[in-house]
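Asks: Give me coordinates for this.
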Amino acid sequence: MEKRKHWENVYQTKDYTKVGWYQSSAEISLDLLKKIGISKEASVIDVGAGASTFVDGLIKAGYKNITWLDLSKEAFDIVKERLGDNHKIPSYLIEDVRTVSLPDRYDLWHDRAAFHFLQEEKEQQAYVQTMYDSLRSDGYAIIGTFALDGPDRCSDLPVRQYDRITMQNIVENLFTIVDVVESIHLTPSCGEQKFCFFILQPVNGIQHDS
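Replies: From the prediction side, this is the model:
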């Protein structure tokens with residue numbers, strides 16, 4: 001509940017286009033989508049989506065089966081208004097990823113904003129289990145986090161930093177790390193933030209579908 005209040009306050013009191021995590025275009029996520037080769041018919045969920053423009057990029061690229069998930073009603077209102085005539089394309093879930101029960105299986109799980117806020121191991125493991133249970137056996141996950149030499153706080157909250165080893169220690173029983181892509185995000189105030197993007201696939205796909 002405290003996290004929900006925090007993010008509602010952020011979207012109520014700040015111009016989201018001026019905050020440090022804002023991207024006018026989610027280029028690296030969209031580039032990784034192309035790299036993986038996710039078809040336009042694929043089912044895509046954007047977790048911790050907030051007011052991110054990733055959903056805008058998906059729609060522009062021709063994706064129709066999109067789910068937006070975030071715990072902030074304020075962020076939902078921003079995205080719905082920004083999408084205009086396209087606002088009915090995504091399905092919207094105003095839920096906390098730590099506790100949500102998702103209604104579908106997805107071909108792609110995308111998260112640039114949520115995972116690195118999880119501080120406790122039990123939260124991280126619950127997240128990874130939900131991600132595993134919600135992906136098709138041949139699906140992919142793209143998880144963006146701050147790199148080891150990236151920020152240790154974001155939006156006045158502590159965050160975790162990751163590299164291949166630290167991420168593998170968390171997901172090793174359920175996911176294989178296919179690739180790690182390092183990236184530098186330029187904030188609206190022209191600061192630099194170092195990110196790692198992890199491309200993951202579920203292990204034991206045959207058993208996973210059974």
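Asks: quick check, Leu142 in a strand?
Replies: For the record, residue 142 is Ile, not Leu. Yes: counting by DSSP: H, G, I helix; E, B strand; the rest coil, one finds Ile142 located in a strand.
Asks: Contacts only, for it.
Replies: 29, 32-33, 36, 108-112, 197-200 (C-beta atoms under 8 Å, 6 or more residues apart in numbering). Quick note: C-beta positions are derived from backbone N, CA and C, even for glycine.
Asks: Val44 now?
Replies: By C-beta under 8 Å, 6+ apart, the residues touching Val44 are 38, 58, 63, 65-67, 106-108, 110.
Asks: now, which of those lie within strands?
Replies: Mapping the contacts of Val44 onto strands (DSSP state E) picks out 66-67, 106-108, 110.
Asks: any idea which of those has the most stuff around it?
Replies: Of the ones in strands among the contacts of Val44, His110 is surrounded by the most neighbours, 30 neighbours in total, counting by other C-beta atoms under 10 Å.
Asks: which non-adjacent residue is nearest Asp111?
Replies: Nearest residue to Asp111 in three dimensions, chain neighbours excluded: Val47, at 4.2 Å (C-beta to C-beta, 6 or more residues apart in numbering).
Asks: Burial check on the one you found, number of neighbours?
Replies: By other C-beta under 10 Å, 27 other residues sit near Val47.
Asks: And for Ala61?
Replies: By the criterion of other C-beta under 10 Å, Ala61 has 12 neighbours.
Asks: For Tyr140, see how far away it is.
Replies: Taking C-beta to C-beta, to the nearest Å as the measure, Ala61 and Tyr140 are separated by 16 Å.
Asks: just Pro158 next, same as before
Replies: For Pro158 relative to Tyr140 (C-beta to C-beta), the value is 28 Å.
Asks: mind listing the helices for this structure?
Replies: Ranges of helices within the chain are 2-13, 27-36, 54-61, 73-83, 121-134, 164-171, 205-209, based on DSSP state H.
Asks: hey, which helix or strand in the chain has the poorest pLDDT?
Replies: Using mean pLDDT, DSSP states H and E, helix 205-209 stands out as the lowest-scoring helix or strand of the chain, at a mean of 45.
Asks: Low-confidence ranges, this structure, go.
Replies: Low-confidence segments of the chain (pLDDT under 70): 1, 20-22, 185-191, 205-210.
Asks: With distance to Glu95 added, can I get the helices of the chain in a markdown table?
Replies: Converted to a markdown table, the helices of the chain look like this (distance: least, C-beta to C-beta, whole Å):
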| stretch | distance to Glu95 |
| --- | --- |
| helix 2-13 | 10 |
| helix 27-36 | 21 |
| helix 54-61 | 16 |
| helix 73-83 | 11 |
| helix 121-134 | 11 |
| helix 164-171 | 22 |
| helix 205-209 | 23 |
